[in-house]
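Asker: Could you work out the structure for the sequence below:
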Amino acid sequence: MGEDDSIHIEFEESMFGRSQSLRLIREDIVPFMEIREIGARQILVYMGHLYKYLKEEDRTDCISFVDPGHLPTCPLDSNGSHLSQHISNQLEAVCRDSVCLIPYNTGYHWILTIVNVAENMIYLLDSTKNRCRDDAWKMIVMNGVKLYNASRGIPKWPGFKQLTGNLKQSGGVECGYYVMRYMKEIVECEVLRVETMFAGCVKNKAYSQEQFDEVRSEWSEFIYSHNSMNELLYERLNLFEMNFYIDPDCQNEFDTEWGSEFYLQEVREENFLRIVSELRAFDNLLELYADQL
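Answerer: Numbers count the residues shown, from 1 in each chain. I've put the predicted structure just below:
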């Protein structure tokens with residue numbers, strides 16, 4: 001993937017109640033592959049995967065999202081009223097009494113805010129230990145939900161609670177990945193009780209590499225499944241050479257020629273995704289794949 005190449009992703013209008021798209025460039029993909037610090041664009045891609053999952057499960061009325069790219073860090077000298085209004089507008093556009101997931105960057109750290117409209121409650125998940133709560137962001141979200149309640153004739157302030165039963169990061173750059181993992185667990189939970197899911201207090205337990213890789217694999221799968229990505233892939237698959245070892249037990253899973261090297265002769269979408277999971281060499285595969293693009 002060259003410096004000037006990009007991957008265009010168009011999100012469904014129903015996801016945010018408006019059209020939304022982005023172009024991923026190499027600088028978006030490489031940090032994600034290397035588990036370096038990430039931003040709103042990478043998180044937005046994963047939210048696209050989660051929305052696709054909800055559509056397949058016919059559960060889009062249960063969980064909605066706010067685009068983190070439209071929630072810039074609020075300056076210290078601002079009351080954040082424009083952000084509160086945006087949250088209110090977004091709830092009105094897509095929420096339908098659902099649980100709404102709002103990733104937010106405080107300026108140096110990603111946190112996840114969960115609005116349970118039916119219960120008029122706001123929950124906060126923070127992946128760091130012993131960090132002070134962001135009171136400015138708390139008031140922004142509470143004002144946004146209050147505006148939304150007022151638009152429905154409900155003159156009530158929402159409740160607020162920071163949950164402590166979520167796993168905590170051990171390093172300094174994983175916060176964005178933790179937010180994505182929190183969202184995955186919430187979205188995939190059929191009986192959605194957020195406060196119960198993250199009850200108690202967890203201090204010294206982190207997500208495993210395998211749990212991170214599940215998120216990263218789904219992230220790449222969403223990009224691959226997008227039409228523009230497929231077109232690029234099919235154009236170049238005949239030139240796609242892979243030089244690392246596959247367990248011979250997996251040989252029947254793939255259309256390959258064996259030797260010291262093997263070449264991919266035919267790859268359908270299901271075979272490509274199977275390769276990602278079977279090889280357990282996610283980084284090498286995606287790096288090679290990105291280079292071929």
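Asker: Show me where this protein has its strands.
Answerer: 6-11, 20-25, 63-65, 99-105, 110-116, 121-125, 159-162, 241-242, 262-263 (DSSP state E).
Asker: The fourth one: partners in the sheet, and parallel or antiparallel?
Answerer: Translated: strand 99-105. strand 63-65 (parallel), strand 110-116 (antiparallel) (DSSP bridges).
Asker: So for residue 137, which of those sits nearest?
Answerer: Nearest of the strands paired with strand 99-105 to residue 137, taken as Cβ to Cβ: strand 110-116 at 7.5 Å. All C-beta spots, glycine's among them, are computed from the backbone N, C-alpha and C.
Asker: The closest one relative to strand 121-125, how many degrees between them?
Answerer: 160 degrees (axes from the mean of the first three to the mean of the last three Cα atoms, to 10 degrees).
Asker: Quick check: buried residues in strand 110-116?
Answerer: Neighbour counts over strand 110-116 (16 or more other Cβ atoms under 10 Å) mark 110-116 as buried.
Asker: go on, stretch 95-111?
Answerer: Here stretch 95-111 shows 95, 98-105, 109-111 as buried, counting by 16+ other Cβ under 10 Å.
Asker: could those residues be laid out in CSV, adding pLDDT and distance to residue 134?
Answerer: Output for these, formatted as CSV (pLDDT from 0 to 100; distance: Cβ to Cβ, whole Å):
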residue, pLDDT, distance to residue 134
95, 75, 22
98, 85, 24
99, 94, 20
100, 95, 18
101, 96, 17
102, 96, 13
103, 96, 13
104, 95, 8
105, 93, 10
109, 92, 9
110, 95, 11
111, 95, 7
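Asker: contacting residues around the spatially most central residue of the chain?
Answerer: Nearest to the mean C-alpha position of the chain, by Cα atoms, centre = their mean, lies residue 46 at 3.0 Å. When contacts are counted by Cβ atoms under 8 Å, 6 or more residues apart in numbering, residue 46 touches 180, 183, 215, 218-219, 222.
Asker: Which residue is the nearest non-sequential neighbour of residue 49?
Answerer: Nearest non-adjacent residue to residue 49, counting by Cβ to Cβ, 6 or more residues apart in numbering: residue 222, 3.8 Å away.
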